[in-house]
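In: Return atomic coordinates for the entry below.
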Amino acid sequence: MSPLDRFRCEEVFRRMDEYLDRELAPHEATLVREHLETCAACASEYTFEANVLLTVKAKLRRVVIPSELRAQIERSLSRDTPP
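Out: Modelled structure (predicted):
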């Protein structure tokens with residue numbers, strides 16, 4: 001792969017959230033992953049952001065949601081879902 005075909009740090013930083021959320025197209029995800037394998041600074045940022053995301057997800061799993069709030073959210077989501 002030539003240097004012109006690779007993502008640079010700025011491009012990886014712009015796509016980091018989508019990469020973590022697995023929202024990139026396969027080709028873009030591959031370019032980000034390849035960059036992370038060769039760039040210590042970006043790999044460090046990825047590790048930090050991935051750990052923050054895991055911590056937030058773990059804490060959210062422990063939050064007790066009142067049943068009325070859950071029902072309200074479910075009603076709202078069902079209205080927004082196309083038939």
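In: Please work out the average pLDDT along the longest helix anywhere in the chain.
Out: Assignment by DSSP state H gives helix 40-61 as the longest helix of the chain. For helix 40-61, mean pLDDT rounds to 94.
In: in it, what counts as buried?
Out: Using 16 or more other Cβ atoms under 10 Å as the test for burial, helix 40-61 gives 42, 45, 46. The C-beta positions use only the backbone N, C-alpha and C, and glycine is treated the same way.
In: Excluding sequence neighbours, find me the nearest residue to the last one.
Out: In space, not counting the residues next to it along the chain, residue 46 is nearest to residue 36; the distance is 5.4 Å by Cβ to Cβ, 6 or more residues apart in numbering.
In: Distance check, residue 13 against residue 35.
Out: Residue 13 sits 10 Å away from residue 35, taking Cβ to Cβ, to the nearest Å as the criterion.
In: Sorry, slip of the keys, the one I care about is residue 55.
Out: 24 Å.
In: and the helix or strand following the longest helix of the chain, how far from the chain's centre?
Out: As assigned by DSSP states H and E, the chain's next helix or strand after helix 40-61 is helix 67-80. Here helix 67-80 is found 25 Å from its chain centre; the criterion is Cα atoms, centre = their mean, to the nearest Å.
In: repeat for stretch 35-48
Out: The answer for stretch 35-48 is 15 Å, by Cα atoms, centre = their mean.
In: before we move on, the earlier item: comparing residue 13 and residue 35, which shows the higher neighbour count?
Out: residue 35 (20 against 16; other Cβ atoms under 10 Å).
In: what helix or strand does that one sit in?
Out: Residue 35 belongs to helix 26-38, assigned by DSSP H and E.
In: elements contacting that helix?
Out: helix 9-20, helix 40-61 (3 or more Cβ pairs under 8 Å, 6 or more residues apart in numbering; DSSP states H and E).
In: Tell me what angle the last one forms with helix 26-38.
Out: For helix 40-61 and helix 26-38, the angle between their directions (axes from the mean of the first three to the mean of the last three Cα atoms, to 10 degrees) works out to 110 degrees.
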